[in-house]
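Engineer: dropping the sequence and predicted coords here.
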Amino acid sequence: MKIAVTGGLGFIGSHTVVELQNEGFEVVIIDNLSNSSEAVLKGIVAITGKTPIFEKMDLREKAAVHNFFKKHNDVAGVIHFAASKAVGESVGNPLLYYENNINTLVYILQELKDLPQANFIFSSSCTVYGQAEVMPITENASIQPAMSPYGNTKQIGEEIIIDVAKATNIKAILLRYFNPIGAHPSAEIGELPIGVPQNLVPFITQTGFGIRQELAVYGDDYPTPDGTCIRDYIHVVDLAKAHVIALQRLLNKQNLDKVETFNLGTGTGSSVLEVIHSFEKVSGQKLPYKIVPRREGDVIEAYANTEKANTILGWKTVFSLDEAMASAWKWEQKIRN
Ligand code: WQD
């Protein structure tokens, strides 16, 4: 059975391609290489021994999307990762985000609706909750006004999918990720941030390797046990496996509604200082860091109530924070040598 994975050479996309292949799916990757490289294909093949079909194309080109689905009209489902995802960049360049995250979604859905099997898995984010009032966060938590154009594209994307599913034969599952970290244990694939990393864990591993002088911790005056922000850091392989399970749910017609939503996290919150200490434990080295003022737009804490995914998808995370940090560190050392 053939599955299309947009952004399949990206961080979460590539790890999901591996898990799809492990489950016997044929995979066709769509990627424009704007935030990834073809070398990732080699990493995937090194792990699974199977070469996915790779279509280099830009989903912003409506005609290209139409031609893709004309050629691959036997696609049984689409897992849609391709999007711009830097919160800060989106504030300065909202039109790039609305074009790249919304237009592309519309073009894909326009084609998918006419396929015999219109199954759609959407990469969403806990960002839609903003600063939720109650921890851990359930899927019923209210959606707060987006704090960035990036977050807004995820909220709008979810609403578009709900409206389209009502009017067509498309069935969808929205997966709201918490904080994806780590790398495949083989160190054949992992996160490849371009330029200065915005996210905590790649900044930590680059600092650990000496590429960055020291980590700036954005505030230790929050109302949390150690004063730093709390997040739910989920190993990317655990996250990838959830995508395959969600897809199989749709393929087997087990979904209870045309659109279902699941939080994907460990269910445990970790502070910035706890992540630093985890890195120091698994790497055996001290991490240089300094406390600086808070970063605009950061929420105090966000970690998932995972009951729905655990009970309905029958999925739960298996990797610990230390294991995730160890895999991230192993990957950093691999790509720098
Ligand atoms: C985590 C914590 C920072 C960097 C973002 C997006 C979210 C998703 C994941 C795409 C925060 C602190 C960070 C640094 C620091 N992306 N930090 N120094 O902001 O929770 O989520 O990435 O879907 O949508 O919003 O992740 O890794 O940037 O920050 O102190 O150099 O680490 O303040 O508390 P975030 P993050």
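Structural biologist: Thanks, I have the structure now. Source: prediction; values computed, not measured.
Engineer: all contacts plus neighbour counts: C-alpha atoms, from now on.
Structural biologist: Will do.
Engineer: off-centre distance for stretch 261-274?
Structural biologist: Using CA atoms, centre = their mean, to the nearest Å, we find the averaged C-alpha position of stretch 261-274 to lie 14 Å away from the chain's own average C-alpha position.
Engineer: what residues sit buried inside it?
Structural biologist: The neighbour-count criterion (16 or more other CA atoms under 10 Å) identifies 261-273 as the buried residues of stretch 261-274.
Engineer: start and end of that stretch, how far apart?
Structural biologist: With CA to CA, to the nearest Å as the measure, the ends of stretch 261-274 fall 29 Å from one another.
Engineer: who touches that stretch?
Structural biologist: Around stretch 261-274, the neighbours that count as contacts under CA atoms under 8 Å, 6 or more residues apart in numbering are 126, 136, 138-139, 173-179, 217, 226, 228-234, 239, 242, 301-306, 308-309, 316-317.
Engineer: now, these that are in helices?
Structural biologist: Secondary structure assignment (DSSP state H) places Leu239, Ala242, Lys308 from the contacts of stretch 261-274 within helices.
Engineer: top of these by neighbour count?
Structural biologist: For those, neighbours were counted by other CA atoms under 10 Å; the highest total belongs to Leu239, with 25 neighbours.
Engineer: got the contact list for it?
Structural biologist: Ile12, Tyr177, Pro180, Leu264, Gly265, Thr317.
Engineer: what do you get for Ala83?
Structural biologist: Ala83 makes contact with Gly7, Tyr97, Asn100, Asn101 under the criterion CA under 8 Å, 6+ apart.
Engineer: backbone phi and psi for Asn252, please?
Structural biologist: Here the main-chain torsion angles of Asn252 (degrees, to the nearest 10) amount to phi -90, psi 10.
Engineer: gap between stretch 76-92 and the chain center?
Structural biologist: Between the centre of stretch 76-92 and the centre of its chain there are 9 Å (CA atoms, centre = their mean).
Engineer: for stretch 255-268, same thing?
Structural biologist: Centroid separation between stretch 255-268 and its chain, computed with CA atoms, centre = their mean, is 14 Å.
Engineer: any idea of the mean pLDDT for that stretch?
Structural biologist: Confidence over stretch 255-268 (mean pLDDT, whole number) is 98.
Engineer: numbering from 47 from now on, please.
Structural biologist: All set: I'll call the first residue 47, so the last point we hit is now stretch 301-314.
Engineer: got the end-to-end distance for it?
Structural biologist: The distance separating the two terminal residues of stretch 301-314, taken as CA to CA, comes to 27 Å.
Engineer: hmm, that stretch in reach of the ligand?
Structural biologist: No: judged by CA under 6 Å from any ligand atom, stretch 301-314 stays clear of the ligand, getting no closer than 11.7 Å.
Engineer: which one of the buried residues of stretch 307-320 is nearest the ligand?
Structural biologist: The nearest member of the buried residues of stretch 307-320 to the ligand, counting by CA to the nearest ligand atom, is Val318 at 5.6 Å.
Engineer: near the ligand, which residues of the stretch 97-246 of the chain?
Structural biologist: For the stretch 97-246 of the chain, the residues in contact with the ligand (CA under 6 Å from any ligand atom) are Lys131, Val133, Ser171, Thr173, Asn225, Gln244, Asn245, Leu246.
Engineer: one more time with 8 Å
Structural biologist: For the stretch 97-246 of the chain, the residues found near the ligand under the criterion CA under 8 Å from any ligand atom are 131-133, 170-173, 196-197, 223-226, 243-246.
Engineer: buried sites along the worst-scoring helix or strand of the chain on mean pLDDT?
Structural biologist: Evaluated with mean pLDDT, DSSP states H and E, the helix-and-strand set of the chain has its lowest mean pLDDT in helix 133-138, which scores a mean of 90. In terms of neighbour count (16+ other CA under 10 Å), helix 133-138 has its buried residues at Val133, Glu135, Ser136.
Engineer: equivalent analysis for stretch 374-382, please.
Structural biologist: With burial defined by 16+ other CA under 10 Å, the residues of stretch 374-382 counted as buried are Ala374, Trp375, Lys376, Trp377, Glu378.
Engineer: quick one: list the elements packing against the least confident helix or strand of the chain.
Structural biologist: Contacting helix 133-138 under the criterion 3 or more CA pairs under 8 Å, 6 or more residues apart in numbering; DSSP states H and E are the following elements: helix 195-213.
Engineer: rewinding a little: in helices, which of the buried residues of stretch 307-320 fall?
Structural biologist: Filtering these for helices - DSSP H - leaves Val318, Leu319.
Engineer: a strand runs through Val51, doesn't it?
Structural biologist: Yes: residue state for Val51 (DSSP: H, G, I helix; E, B strand; the rest coil) corresponds to a strand.
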